[in-house]
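Chemist: sequence unavailable; structure follows:
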């Protein structure tokens, strides 16, 4: 009891001499002056002792209120109408999760003090105006829709670029990074996209690039590229002082395929959430529809400090139809629903840019995307060694193109088999974005592995497929919403069928016959297709595939069909083999 009285007395002593600007403390002082028997409560005393030396911040402005909290205030304070703003005369005290405000809810009210959660006040995101000289990029000029993305990114500290696949998010982001003034950039992406990022950066700048592998990390470069799976090697929440990522002091972090961190309980999400908190700029890229399952986007919205994600409970109740239920002795939240999606889109629109391919007018009808990968295979190296030995020692036999191709058959098969995991990862990304995909291969075993992986959500067609089964596979893919993946042999499925329910085509491996690809691409790109078709060519650039693809696109042109019907097969084949043999 003595201790309680001493705290109150200490508060009274402070009140007697207080001349600061905190209206709440001034009101308590006035009460004491009028009534000498007045003593502040224990809570009031703690407040006086803790905050009497803090100088309030004068604001004198109306601030938008979060609708969830607005309704809550209306209920608690018995307002006749729901306020949409708060007038903040002064910010008396700022705590970790709340503000003590001297202000009012309505114009007609008198000023008073009240506490509000930080999540109740909406900070309006603004995009700064940036002037960009696009003539610097005339060698690879961005399209008009990409310029909008560049300017929104470069003008924002925290932003989500959620454009549909095929709209060139990588290009937009790299140019924006160069225009933002960032000195050190960290790019986090799936492993299969690291080389692609490096190549795309090289298209626009000669700044230094470092690709992290295994436990190798460097902070002495302008761009550092790392995949999700190895972040744990360079950042430890319990040992932040020695964490290489933190010590590198990146001033821009770009997270590609950001839906990889939608699960806040996953270890990689926890790590990333932890070290991006204080970075100057953070840009998230994802092609997955923002409002398909709103809970999946809470973490992303929280990372970019979106006002709607400042309070988890408010978010899930408003946008996820969230409710609690008992599971044994504990209460559990169900947050798998979706509600008020128009409101969610409206309230996040300033911090998210989302365009579908159908909304963009400056796209080609068919978009070709090589995805560059690195192959680590002793079997491939041994087979190529055997091929070069044969080529050197059998000049007469090796002069035949047909014989050369047959000798390289096993090499191509190894490449196809090694690539299956990357093709599956790429396809899963596409499925995540709600699109169907066609996957082609020249070889049976890789195709069967892909089909087995996707199980009942895929169909299969090769040369042994009967006519009835062939038609059923096509019909199921075209008409059944549950069938998302078409696995086809490039020869057997590359002609004579229509697969326009797919917007995306992936070639697991390359054919040596150029027209095979053109015809296979057009299974999706034909009459009845209402969208641009996106064609992916995953390529092991340090293998013969790199040489084959480079010759084929040089012959045909990058943004049209990669493998054209009008090419002379003999001359192309000779160029391919000459290129392979020159790397001996």
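Modeler: Good, I have the coordinates. The structure presented is a predicted model; accordingly, all values stated were derived computationally and were not measured.
Chemist: which strands or helices does whichever strand or helix holds residue 421 pack on?
Modeler: Secondary structure assigned from DSSP states H and E places residue 421 in helix 420-432. Where contact means 3 or more CB pairs under 8 Å, 6 or more residues apart in numbering; DSSP states H and E, helix 420-432 is packed against strand 366-373, strand 436-441, helix 444-454, strand 502-507, strand 533-540. Placement of C-beta: from N, CA and C, glycine included.
Chemist: could you redo the last one with a cut-off of 7 Å?
Modeler: The criterion is 3 or more CB pairs under 7 Å, 6 or more residues apart in numbering; DSSP states H and E, and the helices and strands that helix 420-432 contacts are strand 436-441, helix 444-454, strand 502-507, strand 533-540.
Chemist: same list, the ones you listed, but as CSV with distance to residue 378, mean neighbour count and mean pLDDT please.
Modeler: Compiled in CSV, those are given as follows (distance: least, CB to CB, whole Å; neighbours: other CB atoms under 10 Å; pLDDT from 0 to 100):
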stretch, distance to residue 378, mean neighbour count, mean pLDDT
strand 436-441, 22, 26, 95
helix 444-454, 19, 18, 96
strand 502-507, 25, 26, 92
strand 533-540, 14, 23, 92
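Chemist: what about these, which gets the closest to residue 404?
Modeler: Across these, residue 404 has its closest neighbour in strand 533-540 (19.5 Å, CB to CB).
Chemist: how far off centre is the closest one?
Modeler: Taking CA atoms, centre = their mean, to the nearest Å, the mean C-alpha location of strand 533-540 is offset from the chain mean by 19 Å.
Chemist: what angle separates that strand from helix 420-432?
Modeler: Orientation check (axes from the mean of the first three to the mean of the last three CA atoms, to 10 degrees): strand 533-540 against helix 420-432 gives 160 degrees.
Chemist: direction-wise, compare strand 533-540 with strand 436-441 and give the angle.
Modeler: Orientation of strand 533-540 against strand 436-441 (the same axes, to 10 degrees) gives an angle of 40 degrees.
Chemist: I would like the residues contacting strand 533-540, please.
Modeler: Counting by CB atoms under 7 Å, 6 or more residues apart in numbering, the neighbours of strand 533-540 from elsewhere in the structure are 165-166, 366-375, 415, 419, 422-423, 426, 503-507, 521, 524-525, 545-546, 549, 562.
Chemist: and for stretch 334-342?
Modeler: Residues lying outside stretch 334-342 but in contact with it, judged by CB under 7 Å, 6+ apart, are 291, 293, 294, 295, 316, 318, 319, 320, 321, 322, 323, 325.
Chemist: which residue, other than its chain neighbours, is closest to the second one?
Modeler: Read it as residue 293. Nearest residue to residue 293, sequence neighbours excluded (CB to CB, 6 or more residues apart in numbering): residue 338, at 6.5 Å.
Chemist: now do the third one
Modeler: Leaving out its chain neighbours, the residue that sits closest to residue 294 by CB to CB, 6+ apart is residue 319, at 4.3 Å.
Chemist: and if you look at the fifth one?
Modeler: Counting by CB to CB, 6+ apart, residue 316 lies nearest to residue 322, which is 3.2 Å off, once chain neighbours are set aside.
Chemist: quick one, what contacts that neighbour?
Modeler: 316, 333, 334, 335.
Chemist: residue 217 now?
Modeler: For residue 217, the set of contacting residues under the criterion of CB under 7 Å, 6+ apart consists of 234, 244.
Chemist: what do you get if the cut-off is 8 Å, keeping everything else the same?
Modeler: Residue 217 sits next to 224, 226, 233, 234, 244, 245 when contact means CB atoms under 8 Å, 6 or more residues apart in numbering.
Chemist: residues near the third one, how many?
Modeler: Using other CB atoms under 10 Å, residue 233 has 15 neighbouring residues.
Chemist: distance of it from residue 227?
Modeler: Spatial separation of residue 233 from residue 227 under the definition CB to CB, to the nearest Å is 11 Å.
Chemist: out of the helices and strands packed on helix 420-432, nearest to residue 203?
Modeler: Residue 203 lies closest, by CB to CB, to one member of those: strand 533-540, at 16.4 Å.
Chemist: quick one, strands of the stretch 101-250 of the chain?
Modeler: Under the criterion DSSP state E, counting those that start in this stretch, the stretch 101-250 of the chain contains strands at 112-117, 158-161, 185-189, 209-211, 223-227.
Chemist: redo the ones you listed as a markdown table? Include distance to residue 499.
Modeler: Supplementary listing: these in a markdown table, determined by distance: least, CB to CB, whole Å:
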| stretch | distance to residue 499 |
| --- | --- |
| strand 112-117 | 52 |
| strand 158-161 | 29 |
| strand 185-189 | 29 |
| strand 209-211 | 35 |
| strand 223-227 | 32 |
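Chemist: which residue packs closest to the most centrally placed residue in the chain, ignoring adjacent ones?
Modeler: For the chain, the residue nearest the mean C-alpha position is residue 258 (2.5 Å; CA atoms, centre = their mean). Leaving out its chain neighbours, the residue that sits closest to residue 258 by CB to CB, 6+ apart is residue 284, at 3.9 Å.
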